[in-house]
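Q: Have a look at this prediction, sequence included:
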Amino acid sequence: MRSREDFQNVEEKCLASYAIWSSQSQGRKYPEKEHDLRTPYQRDRDRIIHSTAFRRLEYKTQVFVNHEGDHYRTRLTHSLETSQIARTISRTLSLNEDLVEVIALAHDMGHGPFGHAGEWALQDLMKDHGGFEHNTQCIRIVEHLEESFSDFPGLNLTYETIEGLKKHPEHFYADKKKRFRSLEADLVDVADEIAYSSHDLDDGLRSALIDEEQAAGIFLWKDAIQYIEKSHKKMTLNQRKRMAIRLIVNRLVTDVVAHSQKQIEKSKIKTREDVQKLRSSLIGYSPEMKKHVVELKRFLFQELYQHYRVIRMTDKGQRFLKELFHVYLQKPAQLPPEVQVRAKKEGVHRAICDYLAGMTDRFALDEYKRFFEPYERV
Ligand code: MG
């Protein structure tokens, strides 16, 4: 049987000297005895997977509102795809795959319902009451809002995991250099971008909001299709589309691995302390590939995220959220008792904001019905 110590020895032998070894973790805010079988980052990952906020990602919008269709990505499947891509990159670069996995799985937990439109609604509602931002909310969830343990608030994750989740350090530190930097966290940022750029293109085509003719203007798509037409003559249209998406993901991941390895060697970093001194991330695309990714992202922005039907879907959600906020605020006695307790401690605006941000699309819509449909039971 292998124990935590064995895994930690394997890390020290197999990972790069500048990787984050779990044996050198700076620990947790509330000290706990380490687990016999799992390393600290494996334990963090398990705490995320078993958390309420993680399960709710299943019914939160990525681009398409959940009830629009069963096959579109949700925040949960997006997080799983991000994690899978991030782990591949991590393994090939000899970085800590467990740390990468927990950061990837948790990175979007702070998002409210209805995607970015939901976030804009909460930002607007909270502008005079301390604001709202999904990355800060993610940290608030893991440090404060999850209530699984009696000895401490939140999930009491390790320092490295929490720092890795601070994707926008400017929200946390006046001096950005104070942030603890790891190649593991930098890597998840890139994996996130690869995941959403490729799967949003896939979902956009699947929904027919964009078509192949439009996509043909994009280098990455055009190049993948040209390759398929030469090499795989007998394919259904659906298989062709899927293969093109696979090829794009593979191409981006391969490019990131090769370019990042070169950057790491050029930088001559040796230790995790050296990583702290870096001014910019070493993990990324080659300059050539970067141009293609920018082109793809611009295309998705113009043709998909700004599509009138996507805007309708999410704007509808934004309206519900605002109305719910005002209903609660008018008479906080309508809030569930645990939210009322929080309102007493943290102020009614913050408590309502946390409650709304925690909702799934589905719950928010049901709640709206309960308040505004006369025949709906409350
Ligand atoms: Mg994401």
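A: Noted; the coordinates are in hand.
Q: does residue 34 count as helix, strand or coil?
A: For residue 34, the assignment made with DSSP: H, G, I helix; E, B strand; the rest coil gives coil.
Q: Count the residues that sit near it.
A: Per other C-beta atoms under 10 Å, the neighbour tally for residue 34 reads 18. Heads up, the C-betas are built off the backbone N, CA and C, glycines and all.
Q: Tell me how far it lies from residue 25.
A: Distance from residue 34 to residue 25, counting by C-beta to C-beta, to the nearest Å: 9 Å.
Q: Can you check which residues contact both of the two?
A: residue 40 (C-beta atoms under 8 Å, 6 or more residues apart in numbering).
Q: Pretty sure residue 241 sits against residue 205.
A: Yes - taking contacts as C-beta atoms under 8 Å, residue 241 lies within contact range of residue 205: 6.0 Å.
Q: got any residues that touch both of the two?
A: residue 212.
Q: What residues sit buried inside the longest helix seen in the chain?
A: When the chain is parsed with DSSP state H, its longest helix is helix 237-267. Within helix 237-267, the residues scored as buried using 16 or more other C-beta atoms under 10 Å are 240-241, 243-245, 247-249, 251-253, 255-257, 259-260, 263-264.
Q: burial of residue 123, as a residue count?
A: Count around residue 123 with other C-beta under 10 Å applied: 14.
Q: Flag every residue of this structure that's near the ion.
A: Residues of the chain lying near the ion by C-beta under 5 Å from the ion: 108, 192.
Q: at 6 Å instead, please
A: Within the chain, the positions adjacent to the ion are 78, 82, 107, 108, 192, 196 by C-beta under 6 Å from the ion.
Q: Identify the farthest-apart pair in the residues you listed.
A: For the residues of the chain next to the ion, with distances taken as C-beta to C-beta, the pair at the greatest spread is 107 and 196 (11.1 Å).
Q: The two: which has the busier surroundings?
A: residue 107 (26 against 20).
Q: Just to check, the more buried one is in contact with residue 138?
A: Yes - assessed by C-beta under 8 Å, residue 107 is found in contact with residue 138 at 7.1 Å.
Q: Quick check: neighbours shared by those two?
A: residue 165.
Q: residues touching the closest residue to residue 143 other than its chain neighbours, list them.
A: Excluding the flanking residues, the one nearest residue 143 by C-beta to C-beta, 6 or more residues apart in numbering is residue 154, at 4.3 Å. Residues in contact with residue 154 (C-beta under 8 Å, 6+ apart) are 141, 142, 143, 144, 145, 146.
Q: give me that answer again for 7 Å
A: Taking C-beta atoms under 7 Å, 6 or more residues apart in numbering, we find residue 154 in contact with 142, 143, 144, 145, 146.
Q: Now flag whichever of the residues you listed is closest to the ion.
A: residue 142 (15.8 Å; C-beta to the ion).
Q: hang on, residue 186 in a helix?
A: Yes - counting by three-state DSSP, residue 186 falls inside a helix.
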